[in-house]
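[1] take this sequence and fold it.
(one chain, ligands or ions: 2)
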Amino acid sequence: MNESSQPHLFSSLVDDLASQGWSQQRLFAPQALTRELAAECHARARSGALSAAGVGRGAALQVQEGVRGDRIQWLEPGQSAACDRYLALMGELRQALNRALFLGLEDFECHFACYAPGAFYQRHVDRFRDDDRRTVSAVFYLNENWQAEQGGALRLYLADEREHDVLPEAGTLALFMSDAMPHEVLPASRERLSLTGWFRRRGGGLF
Ligand SMILES: O=C(O)CCC(=O)C(=O)O
Ligand SMILES: [Fe+2]
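    Ligands and ions are numbered 1, 2, ... in the order given. Here you go, the predicted structure:
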């Protein structure tokens, strides 16, 4: 069985997140949906719809290819059936996280990302200095038959100087606490496609 919204899949994600601050799930979504999302990401990349990702936010947003070299496009509801199914799935996960962990997650924002061969994203934490809403990061990978030798891992820097590498294999979801998990994207020898998103709390505002 390869259906996605099975309670036990969510419960292992939720349990891991609570106990260790991160989780990884293979076959998070049905294979057909993963393939449709990969095809859509490819099509958007080929049509020139993706643009260089920035660092920072608002007026401070800057493109810095020495920091991150991916090209992105944000998802909006109603763009395609596949995107809507993915957003619905993440809506279910958001509710499961709220029920179990009382995180008060209000919404989910997400973009397609394409890293060309050699592109990377240096070590960072997913929270802006002036906006504390991003609470749980969720990266869903779209690359079939990824081999470890091809590089491109998401490297999580865990406590006690341990590291954990997640390969960007199609169907894998990586989940981690946005403010507490330093991570980086290592360069790869092939194109690397993903959907990167954040579950956000209501804005309290730091300023
Ligand atoms: O693609 C990944 O594995 C992580 C991307 C990332 O860290 C980000 O966009 O903030
Ligand atoms: Fe990140």
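[2] who touches the residue nearest the centre of the chain in this structure?
    Among the residues of the chain, the one closest to the centroid is residue 139, at 1.9 Å (Cα atoms, centre = their mean). Applying Cβ atoms under 8 Å, 6 or more residues apart in numbering to residue 139 gives the contacts 154, 166, 173-174, 194-197. (C-beta placed from N, C-alpha, C; glycine too.)
[3] now swap in residue 118 and tell me
    69, 187-188.
[4] what's the nearest residue in this protein when you look at ligand 1?
    residue 154 (3.4 Å; Cβ to the nearest ligand atom).
[5] what is the neighbour count of that residue?
    24 (other Cβ atoms under 10 Å).
[6] cool, and residue 127?
    Residues near residue 127, counting by other Cβ under 10 Å: 18.
[7] any idea how far residue 35 is from it?
    Plainly put, residue 127 is 32 Å away from residue 35 if you go by Cβ to Cβ, to the nearest Å.
[8] now check stretch 47-57, is it near ligand 1?
    No. Taking Cβ under 6 Å from any ligand atom as the criterion, stretch 47-57 and ligand 1 are apart, separated by no less than 7.2 Å.
[9] going forward, count from 24.
    Shifting the count to begin at 24 puts that one at stretch 70-80.
[10] distance between the ends of that stretch?
    Using Cα to Cα, to the nearest Å, the end-to-end distance of stretch 70-80 comes to 26 Å.
[11] which of the residues in that stretch are buried?
    73, 76, 78 (16 or more other Cβ atoms under 10 Å).
[12] what's the longest helix in this protein?
    Counting by DSSP state H, the longest helix found in the chain is helix 104-124.
[13] and the contacts of residue 162, which two are furthest apart?
    189 and 220 (15.2 Å; Cβ to Cβ).
[14] re the thing from before, OK, contacts around the residue of the chain closest to ligand 1?
    162, 188-189, 191, 197, 206-208.
[15] give me the nearest residue to it, chain neighbours excluded.
    The shortest distance from residue 177 to any non-neighbouring residue, by Cβ to Cβ, 6 or more residues apart in numbering, is to residue 189 (4.3 Å).
[16] one step back: looking at the contacts of residue 141, which are in helices?
    Per DSSP H, the contacts of residue 141 never map to helices.
[17] re the thing from before, highest neighbour count among the contacts of residue 162?
    In these, the most neighbours by other Cβ under 10 Å go to residue 217, 27 neighbours.
[18] pretty sure it belongs to a helix, no?
    No. The assignment for residue 217, made by DSSP: H, G, I helix; E, B strand; the rest coil, is strand rather than a helix.
[19] would you check that it makes contact with residue 134?
    No. The criterion here is Cβ atoms under 8 Å, and residue 217 misses it with residue 134 at 9.2 Å.
[20] buried stuff in the strand or helix carrying residue 34?
    Remark: residue 34 resides in helix 30-43, with elements defined by DSSP states H and E. Of the residues in helix 30-43, 32-33, 36-37, 39-40 count as buried by neighbour count, 16+ other Cβ under 10 Å.
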